[in-house]
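Asks: this one's structure only:
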């Protein structure tokens, strides 16, 4: 009986690891973000890649960083907006639902909601 227990444990561990990797990789790839603002929607082409819970990539041409865990995306990185005439941290807090992200954003004194759709590869 002891010979079977390590095999069962190894199989269970493999399934658990596979589930964790699939959840994290769900946001890997190219996304189109739409931030709702007082001046109308602002679009951003975003590419994200995960390494465990850590997210890296590009927000248009700016390096982004954050985390993705349990379906929750949290990004925070400095960005310069020529339109707003300032540099501040862009903070994104969102939730993955199916193949879409939605949540809130903050940039300096500006705030709003966002949606994002994954682009077909």
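Replies: Done, it's in. This one's a predicted model, so the numbers in the text were calculated from it and none came from an experiment. Numbering: from 1, shown residues only.

Asks: show me the contacts for the nearest residue to residue 29 once chain neighbours are set aside.
Replies: Closest residue in space to residue 29, ignoring its immediate chain neighbours: residue 118 at 5.9 Å, by Cβ to Cβ, 6 or more residues apart in numbering. Every C-beta, even on glycine, is put in place using the N, C-alpha and C of the backbone. Going by Cβ atoms under 8 Å, 6 or more residues apart in numbering, residue 118 touches 29-31, 99-100.

Asks: Where does pLDDT dip in the protein?
Replies: Within the chain, the set of residues satisfying pLDDT under 70 comprises 1-24.

Asks: show me where it has helices.
Replies: 4-25 (DSSP state H).

Asks: Sheet partners, orientation included, of the longest strand along it?
Replies: Taking DSSP state E as the criterion, the chain has its longest strand at strand 86-97. Strand 86-97 has these partner strands in its sheet, going by DSSP bridges: strand 72-81 (antiparallel), strand 100-107 (antiparallel).
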